[in-house]
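>>> build the 3D model from these lines:
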Amino acid sequence: MKKSVLATLGIALVFASGCNSQNRIIDHVNFTPSENLEVVRVSVAFTGKIQSDLAGGFPLKGYGYIFVNPFTPAQPFEVGFDLDTSIVNDQDYIRLQPTTVLPNGVPIGIDRALVEVHGAKPISDKFDLYAYLDVLKAEWLGVASIFSFLTDKYFPVGLSVNEVLLRDKEQNPAIIGSVFGPALNSDGTLARAGGVALFANVRKLIEEHTLKAGVTTTFYPEKQVTVSGPNATRYRGNAKALEQLQRNFVSGLNGQLIY
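I've put the predicted structure just below:
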């Protein structure tokens with residue numbers, strides 16, 4: 001059984017302000033706590049127009065994993081994490097240097113630094129996964145998926161399209177989604193491709209919302225977006241430019257772009 005919740009202020013990575021539901025690329029976010037409320041599964045579910053077969057995961061010791069699940073007739077393409085919240089107390093992760101930026105150098109968009117964890121090698125030549133852990137206050141968990149097709153040919157360097165899917169009682173973001181562009185080396189070569197990120201204040205979600213153990217709550221988005229980064233001016237209020245980025249993103253995930 002799923003409980004539907006209309007987000008107070010948020011979106012679903014809709015690239016153009018004022019887009020209707022037919023133009024969305026992400027349909028909703030699912031949040032599922034375990035029976036003891038100690039393990040949470042949070043994922044971004046894409047619309048049916050994205051039918052990617054990308055699949056893979058990255059385990060974090062015995063705490064769970066971050067994942068990309070492929071589109072099937074029974075389920076949408078999704079990116080997310082399934083983690084025991086005690087992971088933020090692990091001494092190996094606490095020793096890591098926290099970061100305040102996404103893999104492309106653009107700020108994550110929350111009020112503290114998070115530890116970034118990823119494997120020594122990419123999951124595949126098409127995508128990679130990063131986990132984010134709030135070892136400072138034990139509130140936030142996050143995931144970012146890097147897609148190799150998202151180069152500066154298809155998405156501006158350093159650009160980030162950000163959305164708040166839910167706010168807490170103080171109107172601070174509680175769920176944040178971002179689509180971000182690539183980062184380049186000083187010589188202009190690709191340092192890291194762009195991708196998608198999802199961050200959730202798990203503690204606030206459990207404390208402030210009527211969530212039932214083992215039951216999935218589905219957050220549906222509104223349409224507001226914010227654009228940040230060195231190329232943001234061109235895209236703010238420019239529906240056509242944002243929609244082109246959306247088309248590139250959808251085509252790339254469906255394997256229809258020439259890299």
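
>>> His209 against Arg203, yeah?
No: using C-beta atoms under 8 Å, His209 is not in contact with Arg203; the gap is 11.2 Å. Every C-beta, even on glycine, is put in place using the N, C-alpha and C of the backbone.

>>> run a quick neighbour tally on Gln171.
By the measure other C-beta atoms under 10 Å, the count of residues near Gln171 is 10.

>>> any idea how far Arg203 is from it?
For Gln171, the distance to Arg203 equals 17 Å [C-beta to C-beta, to the nearest Å].

>>> need the next SSE after the lowest-mean-pLDDT helix or strand in the chain, C-terminal direction.
Counting by mean pLDDT, DSSP states H and E, the weakest-scoring helix or strand in the chain turns out to be strand 2-6, with a mean of 40. Later in the chain than strand 2-6, the nearest helix or strand by DSSP states H and E is strand 26-33.

>>> tell me the strands beside whichever helix or strand comes after that following strand, with direction?
Using DSSP H and E, the helix or strand that directly follows strand 26-33 along the chain is strand 39-46. Sheet pairing here is set by DSSP bridges, and for strand 39-46 it gives strand 26-33 (antiparallel), strand 78-84 (antiparallel).

>>> what does the first one contact?
Around strand 26-33, the neighbours that count as contacts under C-beta atoms under 8 Å, 6 or more residues apart in numbering are 2, 12-14, 39-48, 76, 78, 80, 165, 175, 177, 198, 200, 205-206, 211, 213-221.

>>> swap in stretch 206-214?
With contacts defined as C-beta under 8 Å, 6+ apart, stretch 206-214 is touched by 3, 5, 31-37, 40, 168-169, 174, 205, 217.

>>> for Pro103, give its distance to Arg167.
In terms of C-beta to C-beta, Pro103 sits 25 Å off from Arg167.

>>> could you do Phe71 as well?
Phe71 is 30 Å from Arg167, by C-beta to C-beta.

>>> swap in Val68?
With C-beta to C-beta as the criterion, Val68 and Arg167 are 27 Å apart.

>>> looking at those two, which is more packed in?
Neighbour tally, Val68 and Arg167, criterion other C-beta under 10 Å: the higher count belongs to Val68, 25 against 18.

>>> make sure that one is actually in contact with Ser124.
No: counting by C-beta under 8 Å, Val68 stays clear of Ser124, with 9.5 Å between them.

>>> joint contacts of those two?
Residues touching both Val68 and Ser124 (C-beta under 8 Å, 6+ apart) are 54, 56.

>>> show the backbone phi and psi for Leu211.
Backbone torsions for Leu211, taken as degrees, to the nearest 10, come to phi -100, psi 130.

>>> would you mind measuring from it to Ala200?
For Leu211 relative to Ala200 (C-beta to C-beta), the value is 12 Å.

>>> between these two, who's got more neighbours?
Ala200 (26 against 19).

>>> list the beta-bridge partners for that one.
Per DSSP bridges, the residues bridged to Ala200 are Leu141, Ile175.

>>> quick revisit: which of the contacts of strand 26-33 count as buried?
If you count burial by 16 or more other C-beta atoms under 10 Å, the buried members of the contacts of strand 26-33 come out as 12-14, 39-47, 76, 78, 80, 165, 175, 177, 198, 200, 205-206, 211, 216-221.

>>> how close does Gly195 get to Phe127?
8 Å.

>>> which residues do those two both contact?
Taking C-beta under 8 Å, 6+ apart as the contact rule, Gly195 and Phe127 both touch 145-147.

>>> how about those residues in JSON lines, adding secondary structure and distance to Arg236?
JSON lines is the format used below for the shared contacts of Gly195 and Phe127 (DSSP: H, G, I helix; E, B strand; the rest coil; distance: C-beta to C-beta, whole Å):
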{"residue": "Ser145", "secondary structure": "strand", "distance to Arg236": "25"}
{"residue": "Ile146", "secondary structure": "strand", "distance to Arg236": "25"}
{"residue": "Phe147", "secondary structure": "strand", "distance to Arg236": "24"}
